[in-house]
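**Q** Let's see this in three dimensions:
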Amino acid sequence: MESASVFASALPFLGTYTPKLDDKGRLILPAKFRAALAGGLVMTKGQEHCLFVMSFDEFRRMHDQLRQAPVTHKQSRDYLRVFLSGASDEMPDKQGRVSIPAMLRGYAGLDRDVAVIGAGSRIEIWDLATWEAYLADQEPGYADTAEEVFPNGSF
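**A** You can find the predicted model right below:
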């Protein structure tokens with residue numbers, strides 16, 4: 001069982017959950033994610049109009065990687081600006097609720113029904129209908145992608 005605990009610590013965020021936002025734009029974090037985010041989290045704009053949610057430590061790791069790109073590289077500057085300008089540090093309350101700022105709710109098109117997915121080192125928050133459409137679009141190519149992700153067939 002030791003390998004299971006090593007796996008859990010390396011990839012704490014797994015699965016799909018479908019909570020609802022309350023009238024104040026708060027989300028109740030899935031119970032499995034609460035301990036890893038109890039000390040606070042950062043949420044920011046992700047790709048495909050979802051939100052990225054990560055622990056402070058993971059955010060620092062990502063930020064450190066982004067800072068290594070040369071400031072003279074326009075794409076790096078652009079990415080860093082969008083990534084950081086949309087970032088918000090939040091602290092879950094005792095019920096595991098976290099506020100999603102209005103600007104981020106607007107970016108991701110979040111209203112009431114959301115999908116919260118585990119994406120390894122981060123969580124992604126999607127509008128539920130957008131997530132379902134994205135997943136339906138991606139699933140047909142999922143098997144074919146395995147060859148590109150695992151080129152030597154080590155899957």
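
**Q** In the chain, where is pLDDT below threshold?
**A** Applying pLDDT under 70 to the chain flags residues 1-11, 146, 150-155.

**Q** Would you map the strands across it?
**A** Along the chain, counting by DSSP state E, strands occupy 16-17, 26-28, 41-45, 51-55, 88-90, 97-99, 114-118, 123-127.

**Q** Now render those strands as TSV, adding mean neighbour count.
**A** Heads up, the C-betas are built off the backbone N, CA and C, glycines and all. Output for those, formatted as TSV (neighbours: other CB atoms under 10 Å):
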stretch	mean neighbour count
strand 16-17	16
strand 26-28	21
strand 41-45	22
strand 51-55	24
strand 88-90	15
strand 97-99	19
strand 114-118	21
strand 123-127	24
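
**Q** can you put those strands in TSV and add distance to R105?
**A** Below are those laid out as TSV (distance: least, CB to CB, whole Å):
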stretch	distance to R105
strand 16-17	18
strand 26-28	10
strand 41-45	10
strand 51-55	9
strand 88-90	11
strand 97-99	10
strand 114-118	10
strand 123-127	9
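
**Q** partners of V114 in the sheet?
**A** Counting by DSSP bridges, V114 is bridged to D127.

**Q** So it sits against T130, correct?
**A** No. Checked against CB atoms under 8 Å, the pair V114 and T130 is beyond contact range at 9.5 Å.

**Q** that older thread, compare the strands of the chain and give me the one nearest Q75.
**A** strand 41-45 (15.8 Å; CB to CB).

**Q** and that closest one, what does it pack onto?
**A** strand 51-55, helix 56-67, helix 74-85, strand 88-90, helix 102-108 (3 or more CB pairs under 8 Å, 6 or more residues apart in numbering; DSSP states H and E).

**Q** out of those, deepest packed?
**A** Highest mean neighbour count of these: strand 51-55, a mean of 24 (counted as mean count of other CB atoms under 10 Å).

**Q** And the residue nearest to F56 when sequence neighbours are not counted, how far from D57?
**A** Spatially, and ignoring its direct neighbours in sequence, F56 is nearest to G40 (5.3 Å; CB to CB, 6 or more residues apart in numbering). Per CB to CB, to the nearest Å, G40 is found 10 Å from D57.

**Q** What of V82?
**A** V82 sits 22 Å away from D57 when distances are taken as CB to CB.

**Q** now the helices and strands packed on strand 41-45 in JSON lines, with distance to A36?
**A** Shown next, in JSON lines, are the helices and strands packed on strand 41-45 (distance: least, CB to CB, whole Å):
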{"stretch": "strand 51-55", "distance to A36": "6"}
{"stretch": "helix 56-67", "distance to A36": "9"}
{"stretch": "helix 74-85", "distance to A36": "21"}
{"stretch": "strand 88-90", "distance to A36": "14"}
{"stretch": "helix 102-108", "distance to A36": "20"}
